[in-house]
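> Sequence below, structure please.
(chains A and B)
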Amino acid sequence: MASITEPLPGTSDIWEPETLDWITLENAARNVFHRYGYGEIRTPIFERTDVFVKSLGDETDVVQKEMYTFQDRGGRSLTLRPEGTAGVIRAIANAGLEQGEEKRVFYFGPMFRGERPAAGRRRQFHQVGVETVGSNNPWMDVEVIAMLCQFLDSIGITGSHVVVNTRGLPEDRARVTSALKEYFAPKVGEMCEDCRRRFDTNVWRMLDCKNEPCTTFAAGSPKIVDLLGEESRTFFEKVCQGLREVGVEYEFAPRLVRGLDYYIHTVFEVTHSGLGAQDALAGGGRYRIQFAGSKTPIEGIGFAAGMERLLLARQSLGITAPDVRDADIMVLGLGESAVLPALQLAQTLRGEFAGLRVKADFTGRSMKAQMRGANKARAQVALILGENELAQGTVVCKMMETSEQETIAINELNGFLATKLNAR
RNA sequence: GUGCUUGUAGCUCAGUUGGUUAGAGCGCCUGGUUGUGGCCCAGGAGGUCGCCGGUUCAAGUCCGGUCAUGCACCCCA
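Okay, the predicted model is just below:
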């Protein structure tokens, strides 16, 4: 039996040095996205199940076998969000989007998918994503992809690889599907079990099957882009042209499909070699989503990057979590009478030195033990408060690095510390 | 959902062909005289050997199941 204290499979507890790394990523994302005029949005982490089923598509793997779905007390079917776009679009639809109005938002947060955990794959994972809604302009796709690259750059991730393809418009789909079926029909008997099933359920997926006989057949298949109508091809050409002119290095991946039904036109992924088998760092595309009751579908383009995977990529590049002290200043209270004054001193120091971590030792244990504590916390300075100091209105300041110590009058302490701890 | 892997102190691990009180390193606590850390020294705390069942005179060691870890597949972030 699993211990109740163990986190559930595919979930984990994240502790201090790592949480700082997460904050670094979040702040970098805010910084970059703000500069592109995006605002942060926070939507619920659970939604009506239909929000996902109707947008991702009820035949997709995510919907069919990966969602955490449950009934609430009123008997409604709810789902822990498996991705971010559907909820954001739901929120925008609910707020109302005026004709011609654009919205640009970004978000971070936990997502949930009931899969077997592996390297870079968790059941609760975290994404940072953006959505640009209300623009059907290919230059928007270009800017979004460029922004993603700039974000990756800003967090030190080099060596990533951008792949781009198009799925065309919904009205192109029937033609693509029948062309693919025509191509695969004589070969499907020799292909893998999954592909034989996909031939009927989802031919497009046969293009990116990784099993051996299938890859060679897929490689010889017609390219999606060549099967599309004029409008779709022009759109994609503009996206590619824009990427080149903006200086985004990318690879045209004619058989990139991606798993969600809401995608139209541009789809893209960013991969990185430092991740293991799941090498996608981020993915996205243009989409069209319509919820029941809306007159017109909402069109947008966005992407999501996996935070855990960004962290893995950074690790593979040697970027590690920042090294922090548990305390910059440790206040030692010697003896029962000094414990409360130590607490009070710590309080005033926190007000004075906003950027520093100040801890007080309330145990009243031996000075040796408290000094060990200060050392373990890697404090820059230990402030010693005992009966003598209380009587004299002073405090002993011991610089841990050099072992030098001085007795300072309490009213000169702030100035003393300010010069000694070149941080504020 | 499938396959493989691993599961012994807080951490990293050792534990011989099943055999008496389960070990190491690191970490932790206390001390090395009066109010001082890091090094050193001495003591100490800490383990139902993941869990359940089976085989056996005897199981951390063998068998089965189960839970969990890691990785891979499917698919995705």
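> Need the three-state assignment for the residue in chain A that RNA strand B sits nearest to.
Sorted by distance to RNA strand B under C-beta to the nearest atom of the strand, the residues of chain A start with A:G259, at 1.4 Å. All C-beta atoms are positioned from the backbone trio N, CA, C, and that covers glycine. Under DSSP: H, G, I helix; E, B strand; the rest coil, A:G259 falls in the coil class.
> That one against A:V63, yeah?
No - counting by C-beta atoms under 8 Å, A:G259 sits too far from A:V63 to count as a contact (9.9 Å).
> Those two: which has the busier surroundings?
Using other C-beta atoms under 10 Å, the more surrounded residue of A:G259 and A:V63 is A:V63, with 22 against 17.
> Near RNA strand B, which residues of the stretch 301-424 of chain A are found?
By the rule C-beta under 7 Å from any atom of the strand, the part of the stretch 301-424 of chain A lying against RNA strand B is A:304-306, A:308-309, A:334, A:365-369, A:371-376, A:382, A:384, A:386-389, A:396, A:398, A:400-403, A:405.
> one step back: would you list the phi and psi of the residue of chain A closest to RNA strand B?
Listed backbone geometry of A:G259 is phi -90, psi -10, with angles given as degrees, to the nearest 10.
> can you count the residues close to A:P213?
For A:P213, the count of nearby residues is 13 (other C-beta under 10 Å).
> coming back round to it: can I get the buried ones among the residues of the stretch 301-424 of chain A next to RNA strand B as something I can paste into ChimeraX?
A single ChimeraX command selects the buried members of these (16 or more other C-beta atoms under 10 Å):
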select /A:304,305,306,308,309,334,371,373,374,382,384,386,389,396,398,400
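> Return the subset of the residues of the stretch 301-424 of chain A next to RNA strand B lying in helices.
Secondary structure assignment by DSSP state H places A:308-309, A:367-369, A:371-376, A:387-389 of these in helices.
> can I get those residues in TSV with pLDDT?
Listed next are those as TSV, based on pLDDT from 0 to 100:
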residue	pLDDT
A:E308	95
A:R309	96
A:M367	94
A:K368	94
A:A369	94
A:M371	96
A:R372	94
A:G373	94
A:A374	95
A:N375	95
A:K376	94
A:E387	92
A:N388	93
A:E389	96
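> can you redo the residues you listed as CSV with distance to A:F291?
Output for these, formatted as CSV (distance: C-beta to C-beta, whole Å):
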residue, distance to A:F291
A:E308, 30
A:R309, 30
A:M367, 67
A:K368, 67
A:A369, 63
A:M371, 63
A:R372, 61
A:G373, 57
A:A374, 58
A:N375, 59
A:K376, 55
A:E387, 71
A:N388, 72
A:E389, 68
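> what does stretch A:402-411 contact?
With C-beta atoms under 8 Å, 6 or more residues apart in numbering as the test, stretch A:402-411 has contacts from A:384, A:389, A:392-399, A:416.
> Quick check: A:Y107 touching A:I92?
No - the pair A:Y107 and A:I92 does not pass the contact test of C-beta under 8 Å, sitting 11.9 Å apart.
> Is there a neighbour count for A:T49? I'd like the number.
17.
> could you list every residue that touches it?
A:67, A:69, A:77-79.
> run the last query once more with 7 Å
Shown in contact with A:T49 (C-beta atoms under 7 Å, 6 or more residues apart in numbering): A:69, A:77-79.
> sorry, back to before: for the contacts of stretch A:402-411, please prepare CSV with the additional fields distance to A:D323.
As requested, these are exported to CSV (distance: C-beta to C-beta, whole Å):
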residue, distance to A:D323
A:I384, 26
A:E389, 32
A:Q392, 37
A:G393, 36
A:T394, 33
A:V395, 28
A:V396, 28
A:C397, 24
A:K398, 22
A:M399, 19
A:F416, 26
